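Student: here you go, sequence then predicted model.
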Amino acid sequence: MKSGPAVVATLLIAACAPTGTGSTTTAATPGNSTTSAAPVTTSSAASAPTTDAIPTGPGLLAAGLDDAPLAVPAEDGGAFSPSYLIPVGLVDDDRTYLAIMGYDDDPAQRGMTLWVEEGGTWSKLPEPLFTDLGLGLEPPGPIATSLVETADGSWLAFGWGSPAGEPDTSSIWGATSFDLAGPWEAISDQVLEPGPAGSWDDGGVNSPSVIRTEDGYMMLYDGWSAEPGDQVGLATSSDGLTWTREPEPVMAPGADGAFDARSIQIPRLALTPDGWFMAYMGLEADIQQPGRVGLATSHDLTSWSKLGIGLQPSDVPSDLGVHTIAFDFRDGELSLLAEVLGETRSEVWRATAAPSDLLQAG
């Protein structure tokens, strides 16, 4: 599976993909407002790994970890009360919302939901934005990973799932709505399909992270082939509907002994005045070990420099570690939203840092 920790099978099905064998920017305003991005080139060089051994000290984001979780499963139940919370990101509409993909054993408890902050506490809105979207995907259905406001004020959602009858692969889907609250309508169950036979991502594509810029929409995604180790790909779009992928991955696993030597997964993209930043999950050769959150930076989206480990397993309040992540830049800070696993549920925690501090530390 795509996760290091051994957890309940239902959670692994929900938040893990099928087994993979494989310029200057201007200031980004809070939320999903338009930002200026550096031109995208076709270079596919991946950055050289920065270490041959896994560091044991605190990660680059450890000092910024909040004292308490942002979101926890509802104790009192309710019509929509999933036990596992997968962070999608922070978005701004009439106020700032935390978007979360909820999952549980019960299919009725799976869907995208919004949380709002009042008095320093984040609370879930009672009804999900959407559930299965009518895409007809294999269980557990659509897993949303990105939510983006368009130039005209409408919304796009992106995620991944296994097409009906093809449980061993995955594709990236899209959905649209004129209002954040819905109703939402699926664009396609295959906005981005696995690559052609023999390509680096012909096994499947998943976990899209999308940002709108003045030059169009930029997507990082997780892809794999028959060879061990997931890699990060780049796709671009002028309208968010039709996508063109770069032919080669833009970032590969690290060297033997690195924390991401086996696989790099769940890439998450953020644009700052200091350039592009990526957070991702890295798996070492021993797949029984919990994954570590890695950080990288780029000025053109194709050549990435790895900064090191953002969060160590010891930085988070659970022996099971971090399962999925989201990334956001607002008010001068990068925020990593991490799904921290428990035995029967998960919580969303946050770690923050200024981009300049990460560049200096890395």
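Tutor: In hand now; what should we look at? Residues are numbered from 1 along each chain as shown.
Student: which residues are in contact with stretch 193-201?
Tutor: 169-172, 202-205, 223-225, 231, 233, 245, 247-249 (C-beta atoms under 8 Å, 6 or more residues apart in numbering). Bear in mind the C-beta positions are built from the backbone N, C-alpha and C, glycine included.
Student: at 6 Å what do you get?
Tutor: Applying C-beta atoms under 6 Å, 6 or more residues apart in numbering, the external contacts of stretch 193-201 come out as 169, 171, 202, 204-205, 223, 225, 233, 249.
Student: between the residues you listed, which is closest to residue 328?
Tutor: Using C-beta to C-beta, residue 233 is the member of the contacts of stretch 193-201 that lies nearest residue 328, at 21.3 Å.
Student: sheet partners, orientation included, of the helix or strand harbouring residue 328?
Tutor: Assigned by DSSP states H and E, residue 328 belongs to strand 322-330. Here strand 322-330 is paired, per DSSP bridges, with strand 333-341 (antiparallel).
Student: quick revisit: which of the contacts of stretch 193-201 sits closest to residue 81?
Tutor: Closest approach between the contacts of stretch 193-201 and residue 81, by C-beta to C-beta: residue 171, at 29.2 Å.
Student: phi, psi for that closest one please.
Tutor: For residue 171, the backbone dihedrals (degrees, to the nearest 10) come out as phi -130, psi 170.
Student: please identify which helix or strand holds the nearest residue to it once chain neighbours are set aside.
Tutor: For residue 171, ignoring the flanking residues on the chain, the nearest one in space by C-beta to C-beta, 6 or more residues apart in numbering is residue 190 at 4.3 Å. Using DSSP H and E, residue 190 sits in strand 185-192.
Student: cool, and residue 123?
Tutor: Counting by DSSP H and E, residue 123 is part of strand 121-124.
Student: buried stuff in that strand?
Tutor: For strand 121-124, the neighbour count (16 or more other C-beta atoms under 10 Å) marks 122, 124 as buried.
Student: what does stretch 141-159 rub up against?
Tutor: For stretch 141-159, using C-beta under 6 Å, 6+ apart, the contacting residues are 32, 88, 91, 99, 101, 110, 112, 132-133, 135, 160-161, 173-178, 180, 207-210, 212, 240.
Student: mind giving me the ChimeraX select for those, buried ones only?
Tutor: With 16+ other C-beta under 10 Å as the criterion, this ChimeraX line picks the buried residues out of the contacts of stretch 141-159:
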select :32,88,91,99,101,110,112,133,135,160,161,173,174,175,177,180,207,208,209,210,212,240
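Student: let's see which of the contacts of stretch 141-159 end up in strands.
Tutor: Among the contacts of stretch 141-159, the members found in strands (DSSP state E) are 88, 91, 99, 101, 112, 160-161, 173-177, 207-210, 212.
Student: buried stuff in the strand or helix carrying residue 356?
Tutor: If you go by DSSP H and E, residue 356 is part of helix 355-361. Neighbour counts over helix 355-361 (16+ other C-beta under 10 Å) mark 355, 357-359 as buried.
Student: do the same with stretch 134-145
Tutor: Neighbour counts using 16+ other C-beta under 10 Å place 135, 137-138, 140-145 of stretch 134-145 among the buried residues.
Student: most widely separated two among those?
Tutor: The span of these, defined through C-beta to C-beta, is set by 138 and 145 at 17.0 Å.
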